[in-house]
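need a structure here:
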Amino acid sequence: MNQVTGSKILEGRKAVDAYREAHRQLHSKPWHRGIPEEHTPLLNKLLAELKKQGVNSLAEFFDASEELNAKELGFTSRNDFEARATEADREALDRMWH
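Numbering: from 1, shown residues only. Okay, here's the model as predicted:
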């Protein structure tokens, strides 16, 4: 996985949030045959925005974002979080951006 910096992850989170809102709006209308075709440009835009941040896939972005979440909670890495997290830490992680 590429090393993705915190600022790039934050920019990626904005892109994911914009995608989620556009997706919500698309599905707020009654279902119609064009939804799959309308969805594809939304996803392509998201992937292009993530690529600008140096991220090659959604999985890579979410892995890097989870790593940042763990570091924001004071752990050195996601592995450190998994090894040492308390229930309170896990609850704090659940309240963070996903």
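
pLDDT of the helix or strand hosting residue 50, averaged?
With secondary structure defined by DSSP states H and E, residue 50 is part of helix 35-52. In this model, helix 35-52 has a mean pLDDT of 94.

Quick check: which element contains the spatially most central residue of the chain?
For the chain, the residue sitting closest to the mean C-alpha position, by Cα atoms, centre = their mean, is residue 62 at 4.6 Å. For residue 62, the host element (DSSP H and E) is helix 58-72.

What residues sit buried inside that helix?
For helix 58-72, a neighbour-count test (16 or more other Cβ atoms under 10 Å) marks 60-61, 64-70 as buried. To be clear about C-beta, it is placed using only N, CA and C from the backbone, and glycine gets the same treatment.

Any stretches of this protein with poor pLDDT?
The chain contains residues with pLDDT under 70 at 1-3.

Grab the longest helix from it for me.
Identified as the longest helix of the chain according to DSSP state H is helix 6-26.

So what's the gap between that one and the chain middle?
In terms of Cα atoms, centre = their mean, to the nearest Å, the centre of helix 6-26 is found 7 Å from the chain centre.

Chain neighbours aside, what residue packs nearest to residue 43?
Of all residues not flanking residue 43 in the chain, residue 19 sits nearest, at 7.3 Å (Cβ to Cβ, 6 or more residues apart in numbering).

rewinding a little: want to try CSV for the buried residues of helix 58-72, with distance to residue 86 as columns?
Below are the buried residues of helix 58-72 laid out as CSV (distance: Cβ to Cβ, whole Å):
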residue, distance to residue 86
60, 28
61, 27
64, 24
65, 21
66, 18
67, 19
68, 20
69, 15
70, 13
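
what's the most distant pair in those residues?
Maximum pairwise distance in the buried residues of helix 58-72, criterion Cβ to Cβ, is 16.0 Å, between 60 and 70.

does residue 30 sit in a helix or strand, and which one?
Per DSSP H and E, residue 30 falls between elements, in no helix or strand.
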